[in-house]
Every structure is written in C-alpha cells, then in structure tokens.
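K.L.:
Structure of the sequence below:
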Amino acid sequence: MSVLVDANLLLYALLEDVPEHEPARDWLLQTLDDPDSSVALSWPVLYAVARLLSSRAVMGDAALGVPLAWSMAAGFRRQPAVRMLDPGPRHATLVSTLAATPGLASRDVPDLHLAALAVENGLVLATHDRGFARFGMLQWLDPITGDSSTP
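P.N.:
Sure thing, here's the model as predicted:
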C-alpha cells in the first residue's frame, strides 16, 4: 500500500504516554518495513510534528526545544522507505475542489493541502483524524481504529 502519513500518527508513534502510541508505532514500523509499501511525507507534516513537540501548550513541561523537536521530526524523512512530496501541477485545482466541501473552517485549511497531496499522488492518507472523512474524493485509513474509506 502507498500511504501519505499525517502528523498525528507520527506524534503518537513518538509519545509513549498516549494510548494511541502502541498501535501507531506498530503500524508505522510495519509499514516502513514492508517492501510492498511506500511511505510519503510532506514538509508541513514534519513542521507540525516539530511545532507540537516543542509547544508548552501541548506538551507542558515535556515540551522539547525546537532543535530537538525538529531533529525528531526530520528523523522520519531519513527512513529509507520514505519519500517527500511536493505539490504537483494539479494541486491548486484539487485544493480548490476540496475547499468547496461544506462546513470547513479555518482550522481545516492545512487538511486541504494534505488531502490534495494524497489525491494528486494516488495515495491513501493514513490519519487518526476523522475530519478527513468529509473529503469524498480522498481515500483514507485510520490504522488505530481500522476504519477506512474508498472514494
């Protein structure tokens, strides 16, 4: 399977004290080791991981300094099975189409980018965020619950 991984799964894989840690970590390791799978990441996902790991509002006293948080996020991109995605020629059109989805709010704007990247590249979006279910053209899976969709 070819997947684009959302920041929440990377965070859960790193944070041992959250209930989602074990299933996220196990899924990620299995997917990275599977020769029939390909794993894609985007720069905004890595930035989100670093931002959240270094945020006192999110992590409290466990917040990391930005250099260490970035190093941890960037470590995912150095995995042999990982490729980094950038928007392609259809990206703007796909974002415009997805932006017409009813009920979106400003907090959903980053999701437009990730959903468009997945659709444009024919990838399944791996996420634990049920908000992506609103994008009918997006194929997604939640490795923690086992839920998925096919457009």
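K.L.:
Roughly how far does the spatially most distant residue from the centre of the chain sit from Arg25?
P.N.:
For the chain, the largest distance from the centre (C-alpha atoms, centre = their mean) belongs to Asp61, which lies 24.8 Å off. Remark: distance between Asp61 and Arg25 (C-beta to C-beta, to the nearest Å) = 23 Å. From N, CA and C alone the C-beta is placed, and that goes for glycine too.
K.L.:
Return the list of helices and strands in contact with the strand or helix carrying Leu117.
P.N.:
Leu117 is part of helix 109-120, with elements assigned from DSSP states H and E. In terms of contacts (3 or more C-beta pairs under 8 Å, 6 or more residues apart in numbering; DSSP states H and E), helix 109-120 is packed against strand 2-5, strand 38-42, helix 43-53, helix 91-99, strand 124-126.
K.L.:
what residues does it touch?
P.N.:
Where contact means C-beta atoms under 8 Å, 6 or more residues apart in numbering, the residues beyond helix 109-120 that reach it are 4, 6, 40, 42, 44-45, 48, 85, 87-88, 90-91, 94-95, 98-99, 104, 123-125, 129, 131-132, 135, 137-140.
K.L.:
Could you rerun that using 6 Å?
P.N.:
Outside helix 109-120, the residues that touch it by C-beta atoms under 6 Å, 6 or more residues apart in numbering are 4, 42, 85, 88, 90-91, 94-95, 98-99, 125, 135, 137-138.
K.L.:
Now list the buried members of those residues.
P.N.:
Leu4, Ser42, Leu85, His91, Leu94, Val95, Leu98, Leu125, Phe135, Leu138 (16 or more other C-beta atoms under 10 Å).
K.L.:
where's the fourth one relative to Leu117, distance?
P.N.:
In this case it means His91. 7 Å.
K.L.:
next one: the fifth one
P.N.:
When C-beta to C-beta is applied, the distance between Leu94 and Leu117 equals 9 Å.
K.L.:
so where's the chain shaky on pLDDT?
P.N.:
Applying pLDDT under 70 to the chain picks out residues 151.
K.L.:
now Leu53, nearest residue through space, not along the chain?
P.N.:
Ala69 (3.8 Å; C-beta to C-beta, 6 or more residues apart in numbering).
K.L.:
Can you spell out which helices and strands pack onto the helix or strand harbouring the one you found?
P.N.:
Using DSSP H and E, Ala69 falls within helix 66-77. Packed against helix 66-77 by the contact rule (3 or more C-beta pairs under 6 Å, 6 or more residues apart in numbering; DSSP states H and E) you find helix 43-53.
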